[in-house]
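# structure, please.
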Amino acid sequence: MPDIPHTLAPVHLPGGDFTMGSDVHYPEEAPAHRVRVDAFTIEATAVTNAQFSAFVAATGHVTVAERDLDPADYPGVPPDDLRPGSLVFTPTPGPVDLRQVSRWWSWTPGASWRHPQGPGSSVDRMEGHPVVHVAHEDAQAYATWVGGRLPTEAEWEYAARGGLEGAAYTWGDEARPGGRIMANTWDGPDFPWRSDGESGFLRTAPVGSFPPNGYGLHDMAGNVWEWTDDWWSERHHDRTAGPCCHPGEARDGARERSYDPAQPQARIGRKVVKGGSHLCADTYCLRYRPAARRPQAVDTGTSHQGFRCIRPDGAG
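Model prediction:
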């Protein structure tokens, strides 16, 4: 086990049956169905800049965002967009059509985990914030280094629910119990141009800044989206209770089905990400819920994409 800085101790979960998904929110979350997961241990927080920095120092890992892209993999993409970089969120100057995500996301050469807002920015004094701009292979490499792996979608959702069967949020059914802000999400109705600043954070917050769920896990809602190791599908498979959600099961051969049909020229697999982020606004993206899910291209990190690792029982 490498010597890395930790925030909170990992949490052991016994595994068991639970209802995964939702029939009352977004269509990709359906159908709600019973699944079973085996016991595992999960990090109490997302991986931080300090932890990822220790990994890079020990291994020399260069993230996808820090490498030139191969033009053969991205036919038709302008050469300037193949330089090292990543996607960065920038608030718009005023209201915009919320269907035009390119209005607030921009490809930023030089953006990476070290420079989360692009050249001139730094993670200095952000050691406790979640690392961002990590592609799937970067997260996977870190997980291997610490002797773990990325969670399956079912494992992640089981952990996020914190023992609450069928609840809308990781803490229950009320968005703000007693008026309390429970996660780092977008403050106010004016996404993506004006936040009312109620939470005190416009971008990421230090991990553990908000209350944990019933299992003692922080930021399973909001702050940053988190990678899982499942290939994306438009809907859940309708399954009865059973050991359906072990690594590799129900996912082999699914890479091709995960491709984005809107971009047939780019045959890039997409994995499921979970948890929502600081950019989830109730008026736009009510996805800071355990059932919520969305696809993310495996080669793409963003300024609100992070991860955490698990260790199955018996993994050491």
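
# okay, and the beta partners of the residue sitting nearest the centre point of the chain?
Geometric centre of the chain, nearest residue: Glu226, 1.7 Å, by C-alpha atoms, centre = their mean. Residues in a beta bridge with Glu226, per DSSP bridges, are Lys274, Gly306.

# list the contacts for Leu82?
68-71, 74 (C-beta atoms under 8 Å, 6 or more residues apart in numbering). Quick note: C-beta positions are derived from backbone N, CA and C, even for glycine.

# drop anything exposed from those.
Leu69 (16 or more other C-beta atoms under 10 Å).

# just for the protein, where's the confidence low?
1, 3, 238-253, 314-316 (pLDDT under 70).

# how about stretch 39-46: buried residues?
Buried, per 16+ other C-beta under 10 Å, within stretch 39-46: 40-46.

# in strands only, show me those residues.
40-42 (DSSP state E).

# can you redo those as TSV with distance to Pro2?
Compiled in TSV, those are given as follows (distance: C-beta to C-beta, whole Å):
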residue	distance to Pro2
Phe40	20
Thr41	16
Ile42	18
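
# of those residues, which is the nearest to Gly188?
Of all these, Gly188 sits closest to Ile42, with 31.7 Å by C-beta to C-beta.

# now the closest one, nearest residue through space, not along the chain?
Of all residues not flanking Ile42 in the chain, Ile310 sits nearest, at 4.6 Å (C-beta to C-beta, 6 or more residues apart in numbering).

# tell me the SS of the closest residue to Glu127 other than its chain neighbours?
In space, and not counting its chain neighbours, Glu127 is closest to Ala50: 4.0 Å by C-beta to C-beta, 6+ apart. Three-state call for Ala50 (DSSP: H, G, I helix; E, B strand; the rest coil): helix.

# just give the number of residues close to the residue nearest to Ile42.
Using other C-beta atoms under 10 Å, Ile310 is surrounded by 23 other residues.

# spit out the contact partners of it.
Neighbours of Ile310 in contact, by C-beta under 8 Å, 6+ apart: 40-43, 148-151, 155, 159.

# where exactly do the helices run in the stretch 51-200 of the chain?
Ranges of helices in the stretch 51-200 of the chain, per DSSP state H, counting those that start in this stretch, are 136-145, 153-161.

# which residues are contacting the last one?
The contact list for helix 153-161, computed with C-beta under 8 Å, 6+ apart, reads 11, 13, 15-16, 18, 20-21, 35, 37, 40, 42, 151, 167, 170, 213, 215, 217, 220-221, 226, 228, 230, 244-245, 272, 274-275, 290-291, 293, 310.

# export it to CSV, keeping only CA atoms.
Provided in CSV are the C-alpha atoms of helix 153-161 (Å, rounded to 0.1, in the frame of the first residue of the first chain):
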residue,chain,number,x,y,z
GLU,A,153,-22.6,1.6,-10.9
ALA,A,154,-24.5,-0.6,-8.5
GLU,A,155,-21.8,-0.5,-5.9
TRP,A,156,-21.7,3.3,-6.1
GLU,A,157,-25.4,3.7,-5.9
TYR,A,158,-25.7,1.3,-3.0
ALA,A,159,-23.1,3.3,-1.1
ALA,A,160,-24.7,6.6,-2.0
ARG,A,161,-28.1,5.6,-0.6
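
# and that helix, how far out from the chain's middle?
Computed by C-alpha atoms, centre = their mean, to the nearest Å, the chain-centroid distance of helix 153-161 equals 12 Å.

# can you check stretch 127-138 too?
Once both centres are worked out by C-alpha atoms, centre = their mean, stretch 127-138 turns out to sit 10 Å from its chain's centre.

# ok so, going back, mind putting the contacts of Ile310 into CSV with distance to Pro130?
Output for the contacts of Ile310, formatted as CSV (distance: C-beta to C-beta, whole Å):
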residue, distance to Pro130
Phe40, 20
Thr41, 19
Ile42, 15
Glu43, 11
Gly148, 17
Arg149, 18
Leu150, 15
Pro151, 15
Glu155, 19
Ala159, 16
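
# so which of these comes closest to Val134?
Out of those, the member with the shortest distance to Val134 (by C-beta to C-beta) is Leu150, at 11.0 Å.

# how far away is that closest one from Ser233?
17 Å (C-beta to C-beta, to the nearest Å).

# those two: who's more crowded?
Higher neighbour count among Leu150 and Ser233: Leu150, with 23 against 18, using other C-beta under 10 Å.

# could you double-check that that one lies in contact with Val272?
No. Here Leu150 does not reach Val272: they are 10.4 Å apart, not a contact under C-beta atoms under 8 Å.
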